[in-house]
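1. return a 3D structure for these sequence lines:
(10 chains)
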Number of protein chains: 10
Amino acid sequence: MDRSVVTQKIIEAKVRNGMKWSDIAKAIGESKEWVTAGCLGQMTFTKVQAEAAGKLFDLTDEEMAWLQIVPYKGSLPTAVPTDPLIYRWYEIVSVYGTTIKELIHEEFGDGIMSAIDFSMDIQREPDPKGDRVQVVLSGKYLSYKTY
Amino acid sequence: MDRSVVTQKIIEAKVRNGMKWSDIAKAIGESKEWVTAGCLGQMTFTKVQAEAAGKLFDLTDEEMAWLQIVPYKGSLPTAVPTDPLIYRWYEIVSVYGTTIKELIHEEFGDGIMSAIDFSMDIQREPDPKGDRVQVVLSGKYLSYKTY
Amino acid sequence: MDRSVVTQKIIEAKVRNGMKWSDIAKAIGESKEWVTAGCLGQMTFTKVQAEAAGKLFDLTDEEMAWLQIVPYKGSLPTAVPTDPLIYRWYEIVSVYGTTIKELIHEEFGDGIMSAIDFSMDIQREPDPKGDRVQVVLSGKYLSYKTY
Amino acid sequence: MDRSVVTQKIIEAKVRNGMKWSDIAKAIGESKEWVTAGCLGQMTFTKVQAEAAGKLFDLTDEEMAWLQIVPYKGSLPTAVPTDPLIYRWYEIVSVYGTTIKELIHEEFGDGIMSAIDFSMDIQREPDPKGDRVQVVLSGKYLSYKTY
Amino acid sequence: MDRSVVTQKIIEAKVRNGMKWSDIAKAIGESKEWVTAGCLGQMTFTKVQAEAAGKLFDLTDEEMAWLQIVPYKGSLPTAVPTDPLIYRWYEIVSVYGTTIKELIHEEFGDGIMSAIDFSMDIQREPDPKGDRVQVVLSGKYLSYKTY
Amino acid sequence: MDRSVVTQKIIEAKVRNGMKWSDIAKAIGESKEWVTAGCLGQMTFTKVQAEAAGKLFDLTDEEMAWLQIVPYKGSLPTAVPTDPLIYRWYEIVSVYGTTIKELIHEEFGDGIMSAIDFSMDIQREPDPKGDRVQVVLSGKYLSYKTY
Amino acid sequence: MDRSVVTQKIIEAKVRNGMKWSDIAKAIGESKEWVTAGCLGQMTFTKVQAEAAGKLFDLTDEEMAWLQIVPYKGSLPTAVPTDPLIYRWYEIVSVYGTTIKELIHEEFGDGIMSAIDFSMDIQREPDPKGDRVQVVLSGKYLSYKTY
Amino acid sequence: MDRSVVTQKIIEAKVRNGMKWSDIAKAIGESKEWVTAGCLGQMTFTKVQAEAAGKLFDLTDEEMAWLQIVPYKGSLPTAVPTDPLIYRWYEIVSVYGTTIKELIHEEFGDGIMSAIDFSMDIQREPDPKGDRVQVVLSGKYLSYKTY
Amino acid sequence: MDRSVVTQKIIEAKVRNGMKWSDIAKAIGESKEWVTAGCLGQMTFTKVQAEAAGKLFDLTDEEMAWLQIVPYKGSLPTAVPTDPLIYRWYEIVSVYGTTIKELIHEEFGDGIMSAIDFSMDIQREPDPKGDRVQVVLSGKYLSYKTY
Amino acid sequence: MDRSVVTQKIIEAKVRNGMKWSDIAKAIGESKEWVTAGCLGQMTFTKVQAEAAGKLFDLTDEEMAWLQIVPYKGSLPTAVPTDPLIYRWYEIVSVYGTTIKELIHEEFGDGIMSAIDFSMDIQREPDPKGDRVQVVLSGKYLSYKTY
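-> Numbers count the residues shown, from 1 in each chain, chains lettered A, B, ... in the order given. All right, here's what the predicted structure looks like:
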């Protein structure tokens, strides 16, 4: 058994029972973004969170233990993603990557936006010309320093 | 001559003259995100925008003509970016890619967030524990349909 | 269980029973192009479509549930396809890619032909010098906009 | 000098003079699809076609000779294209590749749609919900035979 | 079950029973080249051929059905083959590729040698300095045409 | 200066003067296959051959010296060739690779067909259903031995 | 001109004049590790540092301006480095990567060692069995948090 | 059975029993860095070490034998690691690779820091601005020599 | 069953019984280099050799038959090997590749050192400064010829 | 200027003057293997060696300085070499890699054969069945140790 077995079991239970991520998130007590990432094998659960997940998905003790182990992260099967929804994000990085770099450096200097001390919020943005997906990313600015 | 020659000339002028993207954006009359992407060779200028850029960067007529030609997009030299700032974005796609996919599908159904009918806003988010980079992405939802 | 298990079961049933995609499409009530893509794990079925498929291929409730889950898309095992029929399409993209780009931009400006709001029709085109395959692709034009 | 030098010269002349592919095609006397591919270095010109191009783009005798040499084909800088317009075509191959394979085999048997004895027609398809790009591909069916 | 299961079963039967490809070819009634490719999962059998194979290798009805389904072609596990015998052929393409291109174009004009309307014959060529492998490839010439 | 400079100069002279490989081969005194490969930078000329080439293409002494230096071989810019004519050969290796391996081993045992002690002959094969390209490959069989 | 031109000029001056990185570091006033990375185009200089470098390497004003622009980072020509000294570091990541991950997680929980808020110190470690290279890496621990 | 089976069994036992690498290291009698690498399948155990591991993880004789066999090393599933913690180390190699090379050569001459005669020590470095990870790498300097 | 099953069984038996390759080689009657390569699935056994192996490793008739089938060669999981011992050999090819090429061509002319008519001998070379691995490679020189 | 410029100049001088590596080696005073590698940009010259090379190839002071700088090593343009002579060495690593690993480990334990403390000797081995290339590789054994 490893973490991927638990991930697979959670996904199967979710499909079988027609559960929604937003409901799962409420039961576990964190944002839907963090909880989904966790259930998909990218985040580490606390004991309390793992037990909440265990109740929801009918997990064994060993499976709950795996949820508390830091996973080997990376959720995609190929370096350039083939799924159209995920590819659009890769395309944003490809087309706008140097733009993002220029603007963050102009505002902050030489450093990065953290992908660790980071949160994400995905919302529907109603629009008469067709609703939009709005995503807010917030990451701590970390500065390169001289030494 | 091709578009990359104009891009290179713009970047050189910007460094030589110590210009800022936000000022360049004001002169051209669009958001700093779009204008930076355009100056880096990813967007197509209108005649008016190209002439404004021409004045700023002292471009020839031929160079202004190239700004109005749709470029071959993609701003990065490798499929997996080596620059740490841009890599963090690639990492977000790698770690959270399936999460983003799940949550957009849960809210909207089978479709994508457009990377074409799309805008981006990058801001400093003051924070006592260290300022944060806040990025708002907004893309039209496009639905797969049966036929 | 995941979607690929259902795809595999459908293909096996089709071979075992000597079914045709055009007949399957009629039973499910959409075009043969969409239905084939769906059965091969690339599209999402509605409840009604999933039940029609379930009757045809003798699927369980859980399998029908998987047909209604948005799949991770991408149907090929390698980035450059090895199968000769599919490679010819990749070759068209490789040889004519820049041509397609130039002509769509000339007619429409900077934007893309959607691969989401998209349909495809494959027909036999009788020809005395040897029949031809005729494929009509139709995708909504989406424009890059300034912001 | 090689073919890419002539391609580059043609593109520069086109941008400098604000020419359109459809007009260039009329002057050379073939479809806009074939002529654009030819001017972008993918097709071989006859003497007459090369001279027509020579007049349009002010080419030397040596440059016209290169237009009549079969080029090394392939118009894209990377195996997976980064340009969004061209990527959408790659995505069609990735998502629908196995569908196209199934339907051509069902109609014709084991064989391919030729990418050599092939033509393409790109048109605007007016649509009240937003115009569409319509592309018709026509390739001779070639059958695998036993021997 | 899919085609690879049948391929595997055929190879195992061949090894277990010490059969030769040339004998198998006679039983199936086509050249040893085509039959070997077919048994290795690259070609599509007719009903008669599949039944002959079924008798030889003791196949079930379902397995014979799979032999009549067009397979996803491509017989090698990596893009650059590691097996020395097969690599030598890749090396011929690598070293002589542009030579082959020049000479076919010189004789025929812009077009290709078909790999579909194609046959191959592999023979021992006795030679006092050491026997040689002689391979004759014959493919229909297909011409690029203007349109 | 290196070999590629000489190759480029030879190709340019050939295009400028409208020379044919078969005539060049006669002047140099070897088969058209070997001479074309040599002129494209894949083979090593003797002094006599280099001087014959020197006369044909108006080469300097230094350029003739380079023709006599063993080149770094490999004539293609990518591991999987993009040019349709050359790709068809790669496809033959991909589809028939295991077939070729089986049949050579069946006839000769464990070993390879040499790509060094090797010759190639490319001819037009007239055919009422459309002429064919016939290629004869002949390579010495080399056996793996125990030691 | 871009940053790589300045990097090249600095390296040439260093070789021509037989300078040492440790002396250059003293002149610029930071550690030899940071200064070397900066001179090799990976770090951003302040105005004072750039002027010190300008004096040492005889740089123009424009070249000093480029030293103050955040560079596109990544110093290696291939994803897997070919240089033996640098490869050994890649090998450490390959062999010990999961070990490092386990031990940092055991000590700190789910998070990373920053490569931005990071310093490095390279020293000779005298040893009678042969001197050793001792490298001390120090990076801030950054924790993944729930949200 | 191969080494990976034993590795998997050890990891499962560790998770199930909530063991710590530092405790396991004490039981086996080497540093936590070496023991973790060994348990993850990268190092070779002596008979005594294997028996200590066997007692801890309840291994069979055959499993203990595998721990004493030199493994095929390399602990990561992709050439560029996707896990953020491990990627940071790859990023250090990418950004600082040429710096490390320059400084080791400046101090020692042409040679490498061994990754074989090598040790590693990972410690928490308390810091009021946030604790740091401190890693000390020590590798024997090996010199290229003339011969 | 295929060859890899037999390879796996042989390796397991060797580990379980603590056998040595040099003893296995004696029992089979060839050099330890050839026998090891054969047992690892890279060489073809004669009937006598297969039976000797069968006795040593307790193989079935079918398994012995597989040892006499020419295998698909190539023993490494990745194009650039990750194992440090094997990587050092890849590094020799990378660093000294052009040197080896120059010196063989200088001594022999244009041709290769065969990797088929080839043998290898690996010995310990005692040395007071630390023992050395000495490897003698001997391959027939094969000459490119004109035709 | 960088090292590759000096390498190119040396190779050009060697071709122009018809020099041999063995003579160059004598003039520089080391083995032909080391000297060739050095001239091809893989090794570092001492001052004396650089001056000897400078005399032979008519190098400037700056060029001789570059010969004394440790180069970025790796002599091949692609990860899998396309040149047939060099490929055969890659093939040896691919086919015999696991064999070499097994036998060195059997004789020495867990460790590697150094590619740094390493020498190579390439000789003609006369043989009535055709001369052979004999290569002796000698590398120090380096042991993994526990710590």
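2. what residue lies at the spatial centre of chain A?
-> residue A:37 (3.7 Å; Cα atoms, centre = their mean).
3. and the closest residue to that residue other than its chain neighbours, its phi and psi?
-> Spatially, and ignoring its direct neighbours in sequence, residue A:37 is nearest to residue B:99 (4.3 Å; Cβ to Cβ, 6 or more residues apart in numbering or on different chains). C-beta coordinates here come from the backbone N, C-alpha and C atoms, glycine included. Torsion angles at residue B:99 (phi, psi; degrees, to the nearest 10) stand at phi -60, psi -50.
4. which residues touch residue B:99?
-> Counting by Cβ atoms under 8 Å, 6 or more residues apart in numbering or on different chains, residue B:99 touches A:33, A:36, A:37, A:40, A:42, A:75.
5. and the third one, which of the three is it?
-> Here residue A:37 takes the helix state, with states given by DSSP: H, G, I helix; E, B strand; the rest coil.
6. so for the residue nearest to residue A:37, what's the pLDDT?
-> Residue B:99 carries a pLDDT value of 97.
7. which non-adjacent residue is nearest the closest residue to chain F within chain A?
-> Relative to chain F, the nearest point of chain A is residue A:80 (15.8 Å; Cβ to the nearest Cβ). Spatial nearest neighbour of residue A:80, excluding adjacent residues (Cβ to Cβ, 6+ apart): residue D:80 at 5.3 Å.
8. next up, the contacts around residue A:4.
-> Contacts of residue A:4 (Cβ under 8 Å, 6+ apart): residue A:41.
9. element containing it, please.
-> helix A:3-17 (DSSP states H and E).
10. report the distance from that helix to the chain centre.
-> 16 Å (Cα atoms, centre = their mean, to the nearest Å).
11. got phi/psi on residue A:133?
-> According to degrees, to the nearest 10, residue A:133 has phi -90, psi 130.
12. doesn't residue A:122 make contact with it?
-> Yes - contact criterion Cβ atoms under 8 Å: residue A:133 and residue A:122 qualify, at 6.8 Å.
13. looking at the two, which has the bigger crowd around it?
-> Counted by other Cβ atoms under 10 Å in any protein chain shown, residue A:133 and residue A:122 do not tie: residue A:133 has more neighbours, with 26 against 23.
14. if the more buried one is in a bridge, with which residues?
-> Taking DSSP bridges, one obtains residue A:124, residue B:139 as the residues bridged to residue A:133.
15. now do the same for residue A:1: its pLDDT.
-> At residue A:1, the model reports a pLDDT of 89.
16. counting neighbours, what do you get for it?
-> Other residues lying near residue A:1 total 16 when counted by other Cβ under 10 Å.
17. list the contacts for it?
-> Listed by Cβ under 8 Å, 6+ apart, the contact set of residue A:1 reads A:62, A:63, A:66, H:12.
18. can you select the buried ones from the residues you listed in ChimeraX?
-> Filtering the contacts of residue A:1 down to the buried ones (16 or more other Cβ atoms under 10 Å in any protein chain shown) takes a single ChimeraX command:
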select /A:63,66 /H:12
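19. adding pLDDT, write the contacts of residue B:99 out as JSON lines.
-> Formatted as JSON lines, those follow (pLDDT from 0 to 100):
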{"residue": "A:33", "pLDDT": "97"}
{"residue": "A:36", "pLDDT": "98"}
{"residue": "A:37", "pLDDT": "98"}
{"residue": "A:40", "pLDDT": "98"}
{"residue": "A:42", "pLDDT": "98"}
{"residue": "A:75", "pLDDT": "95"}
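20. from these, pick the one nearest chain E.
-> Distances from chain E to those, taken by Cβ to the nearest Cβ, are shortest for residue A:75, at 25.3 Å.
21. so who does the nearest residue to the closest one once chain neighbours are set aside touch?
-> Leaving aside its chain neighbours, residue A:75 sits nearest to residue B:98 (4.3 Å; criterion: Cβ to Cβ, 6+ apart). Shown in contact with residue B:98 (Cβ under 8 Å, 6+ apart): A:40, A:42, A:75, A:76, A:86, C:72.
22. need the max-distance pair from those residues.
-> A:42 and C:72 (15.2 Å; Cβ to Cβ).
23. neighbour-wise, which of the two wins?
-> Remark: of residue A:42 and residue C:72, residue A:42 carries more neighbours, 24 against 20, as counted by other Cβ under 10 Å.
24. shouldn't that one be within a strand?
-> No - counting by three-state DSSP, residue A:42 is not part of a strand but coil.
25. how many neighbours does residue A:28 have?
-> 24.
26. what of residue A:109?
-> Residue A:109: 12 neighbours (other Cβ under 10 Å).
27. residue of chain A nearest chain I, please.
-> Taking Cβ to the nearest Cβ, chain A has residue A:79 as its residue nearest chain I, at 14.5 Å.
28. just the element for the closest residue to chain J within chain A, please.
-> As assessed by Cβ to the nearest Cβ, chain J sits closest to residue A:79 within chain A, at 15.7 Å. Using DSSP H and E, residue A:79 maps to neither a helix nor a strand.
29. which residues in chain A form helices?
-> A:3-17, A:21-28, A:32-39, A:47-57, A:61-67, A:84-108 (DSSP state H).
30. now the last one against helix B:32-39, angle please.
-> With axes from the mean of the first three to the mean of the last three Cα atoms, to 10 degrees applied, the angle from helix A:84-108 to helix B:32-39 works out at 100 degrees.
31. can you pull the buried residues of helix A:84-108?
-> So helix A:84-108, judged by 16+ other Cβ under 10 Å, has buried residues A:84-105, A:107-108.
32. please apply the same query to the second one.
-> Of the residues in helix A:21-28, A:21, A:24, A:25, A:28 count as buried by neighbour count, 16+ other Cβ under 10 Å.
33. now do the contacts for the last one.
-> Contact partners of residue A:28, counting by Cβ under 8 Å, 6+ apart, are A:35, A:38, A:49, A:52, A:53, A:56.
34. now swap in residue A:108 and tell me
-> Counted by Cβ under 8 Å, 6+ apart, residue A:108 has contacts A:141, A:143, B:124, B:131, B:133.
35. could you chop chain A up by domain?
-> For chain A, the structural domains run A:3-67, A:84-143, going by automatic domain parsing.
36. and the first one, how far from the chain's centre?
-> Average the C-alpha atoms of domain A:3-67, do the same for its chain, and the two points are 13 Å apart (Cα atoms, centre = their mean).
37. same deal with the last one?
-> Distance, stretch centre to chain centre, for domain A:84-143: 14 Å (Cα atoms, centre = their mean).
38. quick check: end-to-end length of it?
-> Start and end residues of domain A:84-143 are separated by 34 Å (Cα to Cα, to the nearest Å).
39. correct me, but residue A:73 touches residue H:81?
-> No - in this structure, residue A:73 is not within contact of residue H:81 by Cβ under 8 Å, at 9.7 Å.
40. chain G contacts on chain A?
-> Contact residues, chain A versus chain G (Cβ under 8 Å from any Cβ of the partner chain): A:30-31, A:33-34, A:43-44, A:46, A:49, A:70, A:72, A:98, A:101, A:105, A:109-112, A:114, A:116-117, A:119, A:142-147.
41. separation between the one residue in chain A that gets nearest to chain E and residue C:106?
-> Nearest to chain E, among the residues of chain A, is residue A:78, at 14.5 Å (Cβ to the nearest Cβ). To residue C:106, residue A:78 is 33 Å away according to Cβ to Cβ, to the nearest Å.
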